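In: here are the coordinates; sequence isn't available:
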């Protein structure tokens with residue numbers, strides 16, 4: 001994208017030269033760009049700031065940047081088509097469904113000749129998903145039913161964000177991690193105490209060759225929090241982040257009702273997690289929505305809502321738009337969203 005000359009161009013050059021995981025340096029440059037840029041340059045800076053705060057685990061600041069971006073998205077000069085197309089997906093992943101739909105609407109309004117032919121189907125799939133997500137958001141808005149992800153990977157939280165449940169979603173310790181069941185059960189049993197201890201964390205070498213933080217006591221692999229920003233201070237920043245997330249989970253589960261959302265645990269593990277939750281939160285009327293479940297039979301429990309669905313293919317990568325923003329991806333995710341919706345409405349109507 002075109003840049004203005006002078007100081008802003010120099011700042012963008014410095015930004016482009018930052019190490020990929022030097023988040024603090026990137027934020028310092030972005031703060032200066034947010035003060036000096038305007039028009040599309042400001043939109044670019046807001047977008048990068050939102051993504052950087054997201055990588056630092058601060059969804060509140062990330063969404064604040066996206067909200068600023070939304071306020072000026074339709075001002076002149078018009079955003080490039082590629083910017084609009086790309087903005088849709090991080091916006092919906094952050095739970096900003098209205099911004100994603102705004103970007104989609106502006107992209108759809110472009111003259112047909114300006115639309116790359118390969119994107120016609122992509123925009124149609126996005127329209128189907130976002131229309132349904134907006135309808136679900138309107139239906140569940142204001143309901144006192146927190147939705148709490150509890151593993152096994154990041155799909156439960158992403159599904160809640162992309163399908164209209166962001167207002168209800170709890171940003172707990174299982175929003176962005178690989179969390180085996182026995183570790184989840186242990187964490188529930190000790191009220192998530194190890195999350196706040198920097199000495200409980202370590203690093204292991206990931207298949208891609210980088211160092212990835214992990215929490216051995218709970219068997220968790222924290223693939224989203226990598227680099228010196230998290231490990232360089234003896235994991236103090238990482239422990240503080242996960243301690244705050246654990247507190248949010250505990251606060252949400254201290255209410256009268258909640259929906260826990262998880263994926264892919266085998267039957268014995270589901271039964272154990274249900275028992276741990278019942279022991280830890282005896283006052284709580286809860287359900288467990290299990291998505292992506294492939295085992296049979298599921299445990300016989302009035303609290304479980306199990307959807308047996310398989311990935312569209314062995315190479316399906318659910319968190320990339322190239323996968324989920326397709327007809328097979330829509331067919332895979334929508335039944336999950338509808339099951340979560342039904343469970344939320346059931347709990348909201350419980351007396």
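Out: That came in fine, so what should we check first? Model, not experiment: these values are computed from the prediction.
In: which helix runs longest in this protein?
Out: helix 327-349 (DSSP state H).
In: how about the strands in the stretch 1-150 of the chain?
Out: 147-149 (DSSP state E, counting those that start in this stretch).
In: next: the stretch 151-300 of the chain.
Out: 202-205, 211-215, 220-221, 257-263, 285-293.
In: low-confidence regions, the protein specifically.
Out: Residues of the chain meeting the criterion pLDDT under 70: 1-6, 112-120, 206-209, 294-296, 351.
In: break it into its domains for me.
Out: Domain segmentation of the chain under automatic domain parsing yields 1-79, 147-349.
In: could you dump the strands of the stretch 151-300 of the chain to a markdown table with distance to residue 272?
Out: (C-beta placed from N, C-alpha, C; glycine too.) Converted to a markdown table, the strands of the stretch 151-300 of the chain look like this (distance: least, CB to CB, whole Å):
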| stretch | distance to residue 272 |
| --- | --- |
| strand 202-205 | 25 |
| strand 211-215 | 19 |
| strand 220-221 | 17 |
| strand 257-263 | 12 |
| strand 285-293 | 12 |
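In: can you put the ones you listed in TSV and add distance to residue 196 and mean neighbour count?
Out: Shown next, in TSV, are the strands of the stretch 151-300 of the chain (distance: least, CB to CB, whole Å; neighbours: other CB atoms under 10 Å):
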stretch	distance to residue 196	mean neighbour count
strand 202-205	16	12
strand 211-215	11	20
strand 220-221	14	20
strand 257-263	21	25
strand 285-293	24	22
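In: closest to residue 55 out of these?
Out: Residue 55 lies closest, by CB to CB, to one member of the strands of the stretch 151-300 of the chain: strand 211-215, at 13.5 Å.
In: from the chain's centroid, how far away is the closest one?
Out: Offset of strand 211-215 from its chain centre (CA atoms, centre = their mean, to the nearest Å): 19 Å.
In: who are the packing partners of it?
Out: Secondary structure elements in contact with strand 211-215, counted by 3 or more CB pairs under 8 Å, 6 or more residues apart in numbering; DSSP states H and E, are strand 202-205, strand 220-221, helix 228-231.
In: can you tell which of these is closest to residue 310?
Out: Nearest of those (CB to CB): strand 220-221, 23.5 Å.
In: what sits up against the closest one?
Out: Identification of contacts with strand 220-221 by CB atoms under 8 Å, 6 or more residues apart in numbering yields 177-180, 183, 204, 212-214.
In: if we go to 6 Å?
Out: Residues from elsewhere that reach strand 220-221 (CB atoms under 6 Å, 6 or more residues apart in numbering): 177-179, 183, 214.
In: so for residue 93, which of the domains of the chain sits nearest?
Out: Proximity to residue 93 (CB to CB) singles out domain 147-349 among the domains of the chain, at 5.5 Å.
In: buried residues, stretch 262-272. List them.
Out: 262-265, 267, 269-272 (16 or more other CB atoms under 10 Å).
In: and the contacts of strand 220-221, which of them are in helices?
Out: Per DSSP H, the contacts of strand 220-221 map to helices at residue 183.
In: specify which member of the contacts of strand 220-221 is nearest to residue 38.
Out: For the contacts of strand 220-221, the nearest to residue 38 is residue 177 (38.6 Å; CB to CB).
In: and of the strands of the stretch 151-300 of the chain, who's closest to residue 107?
Out: Residue 107 lies closest to strand 285-293 among the strands of the stretch 151-300 of the chain, at 29.2 Å (CB to CB).
In: buried residues of the helix or strand following that closest one, list them for me.
Out: Next helix or strand after strand 285-293 toward the C-terminus (DSSP states H and E): strand 304-308. Buried residues in strand 304-308, defined by neighbour count with 16+ other CB under 10 Å: 304-307.
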